[in-house]
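Novice: got a sequence here, can you model it:
(3 chains)
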Amino acid sequence: MTDAFPAGTVPNRQNGQVHLLASRTGNGEILVLSLDAEGNVAGPALRLPSHEFPGYVLGQERDRPRWVWEDTARIYPLLLAAGIRVHRAHDLRLCHAILRQSSLTQASALARAEPSRWDRAVAFEPAASASGVTLFDLFDSDGDSAAGSDTETAADGVTGRDAGSAAAGFGTQAEYRRQLDAVRASAEPGRLRLLLAAESAGALIAAEMQFAGLPWRTDVHDALLTRELGPRVAPGIRPERLENLARRIRDAVGEPGLNPDSQPDLMRALQKVGLKVTSTRAWELKELTHPVIDPLLEYKKLARLLSANGWYWMDTWIVDGRFHPEYIPGGVVTGRWATRGGGALQLPKQVRGAVVADAGWKLVVADAAQLEPRILAALSADTAMAQAGRGTDLYAGIVAGGVVETRDHAKVAMLGAMYGATSGESGRLLPRLAKAFPRALALTETAARAGERGESVTTRLGRSSPRPGERWLATQAKAYDPGATDADERRARSQARDWGRFTRNFIVQGSAAEWALCWMAEVRRELRMLPQGAQGSQWAQGASGSEFDRAPHLVFFLHDEVMVHTPAALADTVEEIIRRAADTAGRHLFGDFPVDFLLTVATVDSYAQAK
DNA sequence: TCTGCATGCAGC
DNA sequence: ACGCTGCATGCAGA
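Specialist: Sure thing, here's the model as predicted:
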């Protein structure tokens, strides 16, 4: 393995510059160096004995300790850079956010307390890219908190010097105790424990995936761009094929000076040749017939490719043959992950051909088929809907059951049920779905009504939707005022329905996100139990590269899809693990309820070959 | 020149 | 009047 970035370095998110270097020395110490933007050592080296890690061990679970720490996103990248992987963790920041909001723990001290430093968002400050940050900064000071009363730090827990006095404070151990209490006293401690474990495991996975990166062949990418756009040109210059298309567009509308990148100019030009358009969106243009349409649609497609995933993108985001997006667990209200950097959530199918396994390795790509409908079936215990998806494509099963005529209709209707469609084809098909699957549809309707009333809804494992804000409440209140106008009432109704569609979707999307977290956590756990992964030590082997260079590991995750980079010889084993993990996740969430979570799994050399 | 907003489009 | 996103771009206003 030569094209992963060198073990022990953390590339800057923006430009690949190294700001921090940490490595494990021969005698078991962790050595942390801060480097400036030019790569010069910026301060004295910090040495830490390897047993003095932040967080503390709670005792043995299975044979692995669970580290309890404040914020995986700030800590774990540093450990990974030092060649250290952690098996289990409890992320206090992420878990606090869940418990603070969950309707299952509203009576807890944690939920009722005044806002503390645990409520202040620190999620979006990746330590690894901050210049000059070291482990020492993170654990020996209280750098992220301005509160003077926060005298206890995480370091108290490290050495076992923890004081009983911490219980009343806002330190790590006190917070952990509050979280345990909140869970224990809740109506669903089992579900919450699973959610917190899954969320925390997700945080570990997120850091590991960012560290490992997605294998990316810049030569393949470049060839693809050249084929589509023409040879590479300097930034600001239109590549050949785009320039040709621009010329054809100008000719077709008779405006030699037209800039096809300007929406207003384009609108005016289209109107002038008699096309009645209300926007310049591709789907609207597709309905029209005019010589300008074909070249314009082609232009838009290619211009998008160039600006979103062109050479500039490649130079910015691909470091040593790997794409390292930052994953942000819990970054979406529903519990889905967000990402930052390089648009990892929108990796177009167009460029997936550049995602290629290393020589001798394979990519195992798996996605959960019709995940959200299956989740809905299980959530509502709708056995008929679960039956429709048993061992088969769920939409096909709905057709087979005579509910609708085509797979496309089944899909549109289901999405409409989960998103709250009221009109169009989807709206028309809904009654038939409601007749066939009354329990499932009742659940989505109930969630929508709750949202319209301003109430929160809760996912399978206990993540609750936020309550609407002041502005929302004020708008609703105004509609009940004696002097309310029709416009006031309309606005209030419309806003209430908006929130209802949000809560309707929240419960399904959020529960699906929980399933996906459990799935991925199981995949990770089993991958790490493979002989090849466990062989030797759990530590990186110095210059020979990290564990990520030798053993199968997760490299990508997208809502209902995971990708594992694996030595070719282990691909079959990895497939089995991924399938087994899906079943396990289903049982974790829904026990014995008979619902299948089918996967599409492909072992490929290139991401483009998957589905 | 900088910033916030609207548009458009990529993903699930 | 169909949910959740991230990001590039152009444009208007500061």
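Novice: which residues of the stretch 401-550 of chain A lie near DNA strand C?
Specialist: Proximity of the stretch 401-550 of chain A to DNA strand C is confined to A:412, A:415-416, A:419-424, A:426-427, A:494, A:497-498, A:501-502, A:505-506, A:509 under the rule C-beta under 7 Å from any atom of the strand. The C-beta positions use only the backbone N, C-alpha and C, and glycine is treated the same way.
Novice: show me these that map onto helices.
Specialist: Secondary structure defined by DSSP state H assigns A:412, A:415-416, A:419, A:424, A:426-427, A:494, A:497-498, A:501-502, A:505-506, A:509 of these to helices.
Novice: would you point out the most distant pair within these?
Specialist: A:Val412 and A:Ser494 (23.5 Å; C-beta to C-beta).
Novice: tell me which of these two has more neighbours.
Specialist: Neighbour comparison, A:Val412 and A:Ser494: the larger count goes to A:Val412, with 21 against 10 (by other C-beta atoms under 10 Å).
Novice: where does chain A dip in pLDDT?
Specialist: A:1-65, A:82, A:121-170, A:532-545 (pLDDT under 70).
Novice: could you break it into its assigned domains?
Specialist: A:1-212, A:220-314, A:394-507 (automatic domain parsing).
Novice: for the last one, the distance to its chain's centre please.
Specialist: Chain-centre distance of domain A:394-507: 24 Å, with C-alpha atoms, centre = their mean, to the nearest Å.
Novice: end to end on that domain, go ahead and measure it.
Specialist: 20 Å (C-alpha to C-alpha, to the nearest Å).
Novice: separation between the residue positioned nearest the centre of chain A and A:Trp515?
Specialist: Central residue of chain A (C-alpha atoms, centre = their mean): A:Trp337, 2.4 Å from the mean position. Using C-beta to C-beta, to the nearest Å, A:Trp337 is found at 14 Å from A:Trp515.
Novice: tally of neighbours for the residue in the stretch 301-450 of chain A that DNA strand B sits nearest to?
Specialist: For the stretch 301-450 of chain A, the residue closest to DNA strand B is A:Gln346, as judged by C-beta to the nearest atom of the strand, at 3.3 Å. Neighbourhood size, A:Gln346 [other C-beta under 10 Å]: 10.
Novice: excluding chain neighbours, what is closest to it?
Specialist: Leaving out its chain neighbours, the residue that sits closest to A:Gln346 by C-beta to C-beta, 6 or more residues apart in numbering is A:Ala308, at 7.5 Å.
Novice: ok, and what's touching the host helix or strand of the one you found?
Specialist: Taking DSSP states H and E as the definition, A:Ala308 sits inside helix A:293-309. With contact meaning C-beta atoms under 8 Å, 6 or more residues apart in numbering, helix A:293-309 is reached by A:225, A:228-229, A:239, A:241-242, A:245-246, A:248-249, A:252, A:260-261, A:266, A:282, A:285-286, A:343, A:346-348, A:350-351.
Novice: ok, and for that helix, which residues are buried?
Specialist: Neighbour-count burial for helix A:293-309, with 16 or more other C-beta atoms under 10 Å as criterion, is recorded at A:293, A:295-300, A:302-303, A:305-306, A:308-309.
Novice: nearest to DNA strand C, of those?
Specialist: Using C-beta to the nearest atom of the strand, the shortest approach to DNA strand C within those belongs to A:Ala308, at 5.5 Å.
Novice: now the closest one: how far from A:Ala111?
Specialist: 42 Å.
Novice: again, but for A:Leu285
Specialist: 51 Å.
Novice: for PyMOL, what selects the buried ones among the contacts of helix A:293-309?
Specialist: Applying 16+ other C-beta under 10 Å to the contacts of helix A:293-309, the buried members can be selected in PyMOL as follows:
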select buried, chain A and resi 225+228+229+239+241+242+245+246+248+249+252+260+266+285+347+350+351
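Novice: where does the stretch 101-250 of chain A get nearest to DNA strand B, residue-wise?
Specialist: Counting by C-beta to the nearest atom of the strand, the stretch 101-250 of chain A gets nearest to DNA strand B through A:Glu228 (12.3 Å).
Novice: surely that residue is in contact with A:Leu242?
Specialist: No - using C-beta atoms under 8 Å, A:Glu228 is not in contact with A:Leu242, being 9.5 Å away.
Novice: what residues does chain A put near DNA strand B?
Specialist: A:263, A:279-283, A:300-301, A:304, A:308, A:345-350, A:367, A:558-561.
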